[in-house]
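Participant: Just a sequence and a predicted model for now, questions to come.
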Amino acid sequence: MTHVLRRLLSVAETSDAVVAAAPAVAPREVFRRFWPYTRGGRRWFVPVVLFSLIGPALDAGEIWLFKVVVDDVLVPRDLHPLLWIAPVFLGLVVASGVLGFADDVTSTWVGERFLLKLRSDVFRHVQGLSLGFFERRRLGDVLSRVTGDVDAVETFLLSGVADALYYLISLGVFLGLLFYLQWDLTLLALVVVPLFWGTARHFSRLAKTASRERRRRGGSISAIAEESLSNVALVQAYNRQGWEERRFERENIGRFRAAMASARIRGVYGPIVEIIEVSGGLAVMGLGTWKLAQGQLTLGGLLVFLALIGKLYGPVHGLSGLGTSFYTASASAERIIELLDQRPQVAESPAARRIGRARGDVEFDGVGFRYPGTSSWALSDVSFHVAPGETLALVGASGAGKSTVSKLQLRFYDPDRGAVRLDGTDLRSLRLSDVRENVAVVLQETLVFHGSVRDNIAYGLPGATEGEIVAAARAADAHEFVERLPEGYDTLVGQRGRTLSGGQCQRLAIARAMIRDAPVLLLDEPTTGLDVRSGRRIMDPLRRLMAGRTTIVISHNLLTVRDATRIVVLDHGRIVEQGTHDDLLARDGTYARLHRLNAMTGPTSNGKVLS
Ligand SMILES: Nc1ncnc2c1ncn2[C@@H]1O[C@H](COP(=O)(O)OP(=O)(O)OP(=O)(O)O)[C@@H](O)[C@H]1O
């Protein structure tokens, strides 16, 4: 029997979930962390408490009237008292209804206000985390925390506490009345309470384990759905649907098992509690009937007593069950706390300076950098200087560290050794927003988001005028094709620019960088993925964009590189050559070799020979 019960209540916590479980946090700590979010809504706690006080009193009044009906109307078969009982009873029911409405609206308002703040805060926090966090974490899981787990915190802190309060007050009121009516019967009824508590404690613990597993599996499901659906073209092209489905299925089954474990725990808990409840009720009924026979109790008195006992077990039941929902909610709270405890790897120093618009003097001074959690150096001892208006080209094989340079320039990461400077000041002593305001980027992976063409261009300069947007589009050679789109600048482009060609997306990205008008420009493989004609087509707008700006261009395309003031050749994170195109050709080293290869492959490959 015990063996069966144990199996029934077991929760399979497995280690194969895609997402790891968040560290456990004590309930007191959960309260401490989230209590500040109730600020601004705390004065509304007063009416909520008041409603909790009045509610049980009205309930008790209704029950008392029932006793009067039995003893003064039914037993003597006299209709007269009903003339005053009926309106009072109706009045009580109406008052209960109004109170229920007010209680519902107020507590929802308090709870939703709390959630409003917490959700925005969690989102703000996540947005402020460094790129490193997103490169390590599964986006789907983060999304499921921001959208799903946040709600559970409200249960933990507000609805849970409000319910607990309501139950406690109800207990007080009903117990008071019961003792007043029959103290000995009440004591008998209370004998079962410790049994209630013991059972509830045991089941709460089991429920928490099941909920933790369920939330974790939920996060894994979102992670897999996000990863596979956002790469649906890749999945379908490689016929990997089956594999993705199996991955999804595994997590789905994990969640199903956890949900079933929860259901079993609830299912066993319910009847056990009922058995305890009924035993108490029967014992009271036995003694009560004996007292009725002895004339120590009226029939109305006994009926009211039994009704009150029913009402008493409700809050006891609720209070003990609350432990279960508390623990369920705390499993979600742990996942939010883990998210909130993440610190951005690049933090702004309190003494960070404003610089306004920089001249655009960029310097890497003995920079060494390792990605967090890795042991090899992505960059070591990298030094170069780009004066305002100059162009520096970074070339090198794939994985040489070129994109890492641009990540450090944007201060997505801080170097482990040396310094990156803008206008002679270490980026670490500048305001983060200023550093990024002074840089415009055109990346390898074109960042076009779901919205109109106009919104996509204006993203570079919030509040840009129509004239500025069109001017930027013209300079980026985008105006013409935008005009031809069905709704011109109002045309919606799909997420990641799915409805535009690669070259068109890239020209929008150039327009966006153009409108930003920043002194420093980062071009990371701007012609990658484009065919020869499209690649050539964006060279003119790119040149216009680069004019007068300090530019760091990362490119496999030696056509882009040729005009650079200086070319830096990277290999395994180190600078192996540095100079102008002619210098490097004359030196007949790595660059010259790459150049020869580039010339050999000709225009068909768009000059991409370095990867
Ligand atoms: N987020 C990351 N975490 C750990 N290692 C990384 C990360 N990003 C890049 N690396 C490693 O750092 C090194 C340099 O990468 P980087 O992206 O800068 O190369 P790259 O020259 O831009 O390559 P490509 O031309 O292919 O874009 C590589 O060995 C790469 O594996």
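Facilitator: Great, that's in hand.

Participant: Give the rounded mean pLDDT of stretch 312-330.
Facilitator: In this model, stretch 312-330 has an average pLDDT of 76.

Participant: ok, now stretch 375-394?
Facilitator: Rounded mean pLDDT across stretch 375-394 is 91.

Participant: where's the helix or strand containing Cys505 relative to the chain centroid, distance-wise?
Facilitator: Counting by DSSP states H and E, the element that carries Cys505 is helix 502-516. Mean C-alpha position of helix 502-516 versus that of the full chain (CA atoms, centre = their mean, to the nearest Å) differs by 30 Å.

Participant: chain center to the helix or strand hosting Ile275: distance?
Facilitator: Using DSSP H and E, Ile275 maps to helix 241-293. Here helix 241-293 is found 31 Å from its chain centre; the criterion is CA atoms, centre = their mean.

Participant: what helices or strands is that helix leaning on?
Facilitator: helix 2-8, helix 183-190, helix 193-230, helix 299-340 (3 or more CB pairs under 8 Å, 6 or more residues apart in numbering; DSSP states H and E). Just so you know, the C-beta spots here come from the backbone N, C-alpha and C atoms, and that holds for glycine as well.

Participant: quick one, which of these is nearest to the ligand?
Facilitator: Nearest of those to the ligand, taken as CB to the nearest ligand atom: helix 193-230 at 16.3 Å.

Participant: thought Lys67 was touching Leu297?
Facilitator: No: proximity of Lys67 to Leu297 does not meet the contact threshold set by CB atoms under 8 Å, at 11.0 Å.

Participant: Could you give the backbone dihedrals for Leu379?
Facilitator: When read as degrees, to the nearest 10, the backbone of Leu379 gives phi -140, psi 140.

Participant: Tell me which residues touch it, please.
Facilitator: 367-369, 401, 404-405, 408, 415, 573-574 (CB atoms under 8 Å, 6 or more residues apart in numbering).

Participant: Try it again at 7 Å.
Facilitator: When contacts are counted by CB atoms under 7 Å, 6 or more residues apart in numbering, Leu379 touches 367-369, 401, 404-405, 573.

Participant: Nearest spatial neighbour of Leu131, chain-adjacent residues omitted?
Facilitator: Excluding the flanking residues, the one nearest Leu131 by CB to CB, 6 or more residues apart in numbering is Phe412, at 4.1 Å.

Participant: what about that neighbour, which SS state?
Facilitator: State at Phe412, reduced to three classes by DSSP: H, G, I helix; E, B strand; the rest coil: coil.

Participant: Flag the shaky bits of this structure, pLDDT-wise.
Facilitator: Along the chain, segments meeting pLDDT under 70 span 1-21, 321, 444-447, 494-499, 527-535, 556-560, 598-611.

Participant: Give me every residue in it lying close to the ligand.
Facilitator: When proximity is defined by CB under 6 Å from any ligand atom, the chain lies next to the ligand at 135, 371, 374, 378, 396, 398-404, 611.

Participant: from those, which is closest to Ile275?
Facilitator: When the residues of the chain next to the ligand are ranked by distance to Ile275 (CB to CB), Glu135 comes first, at 54.3 Å.

Participant: if we can go back for a sec, drop the exposed ones from the residues of the chain next to the ligand and show what's left.
Facilitator: With burial judged by 16 or more other CB atoms under 10 Å, the buried subset of those is 371, 378, 396, 400-404.

Participant: Quick one: residues contacting Phe156.
Facilitator: 30, 326, 329-330, 333.

Participant: can I get those residues in TSV with neighbour count?
Facilitator: Shown next, in TSV, are these (neighbours: other CB atoms under 10 Å):
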residue	neighbour count
Val30	21
Phe326	21
Ala329	24
Ser330	25
Ala333	28
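
Participant: what's next to the one helix or strand Ala472 maps to, contact-wise?
Facilitator: Using DSSP H and E, Ala472 maps to helix 466-475. Under the contact criterion CB under 7 Å, 6+ apart, helix 466-475 has outside partners 454, 457-458, 461, 479, 482, 489, 511, 514-515, 541, 544.

Participant: Go again with 8 Å.
Facilitator: Helix 466-475 is contacted from outside by 453-454, 457-458, 460-461, 464, 479, 482, 489, 510-512, 514-515, 541, 544-545, using CB under 8 Å, 6+ apart.
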